[in-house]
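Enquirer: prediction below, plus the sequence it came from.
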Amino acid sequence: MTNMNYSIFVVKIIKNPEQSFFKDGTSVTEFPVQLSQIRKNTIEIILQVSAWGKLGCDVMEYYNINDYIIIEGYISIRTGNYDDLPNSVNKQLEVSVFKIYPLFLKT
């Protein structure tokens, strides 16, 4: 991973969050999000989000597809194969989230 920067984004959840656990019991919740678009006909920017521990459990409990949230965390670039995401290339933006704020939740 390279270029770590602290950032804040308004995003839309585009797939259900998935939670996994390590052998020591630590949990991580991962889900892709799309940056909010101001203008039509712009490129969709997809970020992969990781939330650890209690924050990840909160994501699983409270957030769903099409919810808009504000995320605060460190952004990095990960190389890999991301064929399941639109406009995918060999690099994927990833955000390790430290804070999440609800903006617009669909119930």
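Expert: On my side now, so go ahead. Keep in mind the model is a prediction, meaning the values are calculated, not measured. Residues are numbered from 1 along each chain as shown.

Enquirer: hey, what's the residue nearest the centre of the chain bridged with?
Expert: Centroid-nearest residue in the chain: residue 49, 2.4 Å away (criterion: Cα atoms, centre = their mean). With DSSP bridges as the criterion, residue 49 is bridged to residue 31, residue 95.

Enquirer: now swap in residue 68 and tell me
Expert: residue 12, residue 104.

Enquirer: do residue 99 as well
Expert: residue 72.

Enquirer: for it, what are its contacts?
Expert: Applying Cβ atoms under 8 Å, 6 or more residues apart in numbering to residue 99 gives the contacts 55, 71-73. Placement of C-beta: from N, CA and C, glycine included.

Enquirer: make JSON lines out of these and add distance to residue 10, pLDDT and neighbour count.
Expert: Listed next are the contacts of residue 99 as JSON lines, based on distance: Cβ to Cβ, whole Å; pLDDT from 0 to 100; neighbours: other Cβ atoms under 10 Å:
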{"residue": "55", "distance to residue 10": "18", "pLDDT": "95", "neighbour count": "17"}
{"residue": "71", "distance to residue 10": "8", "pLDDT": "95", "neighbour count": "22"}
{"residue": "72", "distance to residue 10": "11", "pLDDT": "95", "neighbour count": "14"}
{"residue": "73", "distance to residue 10": "13", "pLDDT": "93", "neighbour count": "21"}
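
Enquirer: can you put those residues in CSV and add distance to residue 103?
Expert: Formatted as CSV, the contacts of residue 99 follow (distance: Cβ to Cβ, whole Å):
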residue, distance to residue 103
55, 16
71, 10
72, 12
73, 16
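
Enquirer: tell me the one of these nearest residue 12?
Expert: residue 71 (11.0 Å; Cβ to Cβ).

Enquirer: how far does the helix or strand of the chain with the lowest mean pLDDT sit from the chain's center?
Expert: Lowest on mean pLDDT, DSSP states H and E among the helices and strands of the chain sits strand 2-13, with a mean of 81. In terms of Cα atoms, centre = their mean, to the nearest Å, the centre of strand 2-13 is set 8 Å apart from its chain centre.
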